[in-house]
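[1] I'll drop the sequence and a predicted model, then ask my questions.
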Amino acid sequence: MFANAFRSAGRNGNGHAAGEALLPAEHVEAEFQRLKTGIHRELLDSLDLSRITGLSDDELRQDIRQLAEGMLRSRSRNLPAIDEERLIEELIAESFGLGPLEPYMQDPDVSDILVNGPREVYVERLGRLQETNTVFADDEHLLQIIQRIVARVGRRIDEHSPMVDARLADGSRVNAIIPPLALHGPVLSIRRFGHRPLQVADLMARGSVCPPILQMLEAAIEGRINVMISGGTGSGKTTLLNNLSKFIPANERLVTIEDSAELRLQRKHVVKLETRPKSAEGTAEISQRDLVRNALRMRPDRIILGEVRGGEALDMLQAMNTGHEGSLTTIHANDTRDALSRLEVMVSMAGFDLPVAITRRYIASAITLVVHLARLKGGVRRVMRVSEITALESGDYAIQDLFGFQQTGLDDRGIARGHFYATGHTPVFARRLLEQGIDLPPKLFEARQLTPDSSIGPMSTTAGMQEELA
């Protein structure tokens, strides 16, 4: 039965040429998915909608299981040898979850799920990208999963709006793009957030950061120093921002602004704002820039911009320069100077023809700390540089590195290794912190290689961190 499952004249609906030999495992999996989608449609037609109204998820799952088992028994003579329990579990996943992708959504080691069409699914597990044998029945099956995701967050995807950013209930980021923009079928990318958000202790255990850097960042956050976190895709910017938020005093009011709400700030008094895309008629769009301007009227102590991407950069800098010190944001960039250059470009996108010198002076007065992260070989994330913008010199930024990470090679598993170090520079903003009663010991910044037990203390601002690490 499976041997000829994909042989037909011309090309089939999955893009395989006539007579093209497919792997036996792919034959079996594709037929399994077709069988499952057929039973799933029949199952939905069999549900008594009037009876299931008001049932809990657990009760509804049990109903679906009983219906599926009955359908399998009624057609058992005509079914190939299949794993019936797996089929039932996936039918439940089709009804409530993400179908064939559901096992990866439950796997804490999977950080990315990349679907390049119904026949090609990759996952990143423990920092390494690997191909899976997971397939969808066809393009329509994959498109149904995508539409289910975006519908839950009030977004839409169709030929008139063929790409979308969204999020899952657990905070995972989703991007989907479909034909005609995607040439070989729907494409889905999921950047997963773990069931339990990474904490400071987790970052320490993974070697992403070391105690002296955290000690300095905690003091900077408490002392209302403006911080910009830069890095490439998947470098850990959002995770670090979430953890830095726990250092903000509990009596402050925070307003977060994002395209897709992903931040999980570890504070109670948080107002979360999210942009709105254009409607089907091309109107009613609410941009990040609109939200930043509105946030200024909401009496925020700090504004946290999930990621600066465009003209809202100017409004963010104005907020930082006019009484909202201690604000935070992230930006995609390859290094510290690249982050500042990108910020200049974004300011120009606001529509004002500002001279470069004015733009740089504005940025230098608003942004004090730039924390740059990178994803290194083997999938490990590291804080690569912590830099202070001290002034402008001859029209360019005067940048002073405070801490850094030096990669020294790869271990026997192909994973990057190295060490953190202090440069020996004491930050200029230390004087500002001292005025607020936050005393950073000079020894913290002495030039040296840093180890996991290099923390300097005790210190009043690090009590919370020390308690957690204990």
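    Right, received. Where do you want to start?
[2] How about the lengthiest strand in the chain, which residues are buried there?
    Criterion DSSP state E: the longest strand present in the chain is strand 396-410. Of all the residues in strand 396-410, those buried under the rule 16 or more other Cβ atoms under 10 Å are 397, 399, 401-405. Every residue, glycine included, has its C-beta placed from N, CA and C.
[3] Indicate each strand paired with that strand and its parallel or antiparallel sense.
    Within its sheet, strand 396-410 is paired with strand 381-393 (antiparallel), strand 416-422 (antiparallel), according to DSSP bridges.
[4] Give me the contact list for it.
    Outside of strand 396-410, the residues within contact range by Cβ atoms under 8 Å, 6 or more residues apart in numbering are 212-213, 216, 336-337, 340, 360, 363-364, 370, 376-378, 382-392, 416-423, 425, 427-428, 445, 450.
[5] Just the buried ones from these?
    Buried subset of these (neighbour count, 16+ other Cβ under 10 Å): 212-213, 216, 336-337, 340, 360, 363-364, 370, 376, 382-390, 416-418, 420-423, 427, 445, 450.
[6] Count the neighbours of Leu254 for me.
    22 (other Cβ atoms under 10 Å).
[7] quick one: it and Val174, what's the gap?
    Distance, Leu254 to Val174, using Cβ to Cβ, to the nearest Å: 25 Å.
[8] residues touching Glu69, list them.
    Contacts of Glu69 by Cβ under 8 Å, 6+ apart are Ile88.
[9] ah, wrong one, I meant Gly395
    Residues in contact with Gly395 (Cβ under 8 Å, 6+ apart) are 356-357, 360.
[10] Out of the helices and strands in the protein, which is least certain?
    Here the helix or strand of the chain ranked lowest by mean pLDDT, DSSP states H and E is helix 463-469, holding a mean of 35.
[11] related to what we said a few turns ago, roughly how far out does the longest strand of the chain sit from the chain middle?
    A distance of 25 Å separates the centroid of the chain from that of strand 396-410, by Cα atoms, centre = their mean, to the nearest Å.
[12] Can we start the residue count at 130 from this point?
    Renumbered: residue one is now 130, and that last one reads strand 525-539.
[13] CA-only coordinates of it in PDB, if you can.
    Provided in PDB are the C-alpha atoms of strand 525-539 (Å, rounded to 0.1, in the frame of the first residue of the first chain):
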ATOM      1  CA  ASP A 525      32.100  59.600  17.300                       C
ATOM      2  CA  TYR A 526      31.000  57.600  20.300                       C
ATOM      3  CA  ALA A 527      33.600  57.200  23.100                       C
ATOM      4  CA  ILE A 528      33.000  53.600  24.200                       C
ATOM      5  CA  GLN A 529      34.600  52.000  27.200                       C
ATOM      6  CA  ASP A 530      34.400  48.300  27.600                       C
ATOM      7  CA  LEU A 531      33.900  47.200  31.200                       C
ATOM      8  CA  PHE A 532      33.600  43.400  30.800                       C
ATOM      9  CA  GLY A 533      34.000  40.900  28.000                       C
ATOM     10  CA  PHE A 534      34.200  37.300  27.000                       C
ATOM     11  CA  GLN A 535      37.200  35.800  25.300                       C
ATOM     12  CA  GLN A 536      36.600  32.600  23.300                       C
ATOM     13  CA  THR A 537      39.700  30.300  23.400                       C
ATOM     14  CA  GLY A 538      38.500  27.400  21.200                       C
ATOM     15  CA  LEU A 539      36.100  24.500  21.100                       C
END
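[14] Helix or strand: which one has Arg489?
    Using DSSP states H and E, Arg489 sits in helix 485-495.
[15] Correction: the previous question concerned Ala503.
    Using DSSP H and E, Ala503 falls in strand 498-504.
[16] was I right about Val512 contacting Leu369?
    Yes - using Cβ atoms under 8 Å, Val512 is in contact with Leu369, at 7.5 Å.
[17] Identify the contacts common to the two.
    By Cβ under 8 Å, 6+ apart, Val512 and Leu369 have these common neighbours: 337-338, 500, 502.
[18] which one of these sits closest to Met234?
    The shortest approach to Met234 among the shared contacts of Val512 and Leu369 belongs to Ser337, at 23.7 Å (Cβ to Cβ).
[19] Please tell me how far that closest one sits from Lys366.
    Ser337 is 12 Å from Lys366, by Cβ to Cβ.
[20] Which one of those two is surrounded by more residues?
    A count of neighbours by other Cβ under 10 Å puts Lys366 above the other of Ser337 and Lys366, at 25 against 22.
[21] hang on, isn't the more buried one packed against His501?
    No - assessed by Cβ under 8 Å, Lys366 is found out of contact with His501, at 9.5 Å.
[22] joint contacts of these two?
    Taking Cβ under 8 Å, 6+ apart as the contact rule, Lys366 and His501 both touch 358-360.
[23] which of the residues you listed tops the neighbour count?
    Counting by other Cβ under 10 Å, top hit in the shared contacts of Lys366 and His501: Ser359 with 28 neighbours.
[24] Confirm that that one sits in a helix.
    No - read with DSSP: H, G, I helix; E, B strand; the rest coil, Ser359 is strand and lies in no helix.
[25] how about the closest residue to it other than its chain neighbours, what does it touch?
    Excluding its sequence neighbours, the residue lying closest to Ser359 (Cβ to Cβ, 6 or more residues apart in numbering) is Ala468, at 3.7 Å. By Cβ under 8 Å, 6+ apart, the contact set of Ala468 is 357, 359, 460, 462, 499, 501.
[26] where's Gln273, which helix or strand?
    Using DSSP H and E, Gln273 falls in helix 268-281.
[27] Who are the packing partners of the helix or strand just after that helix?
    Going down the chain from helix 268-281, the next helix or strand is strand 292-296, by DSSP H and E. Under the contact criterion of 3 or more Cβ pairs under 8 Å, 6 or more residues apart in numbering; DSSP states H and E, strand 292-296 touches helix 268-281, strand 302-306.
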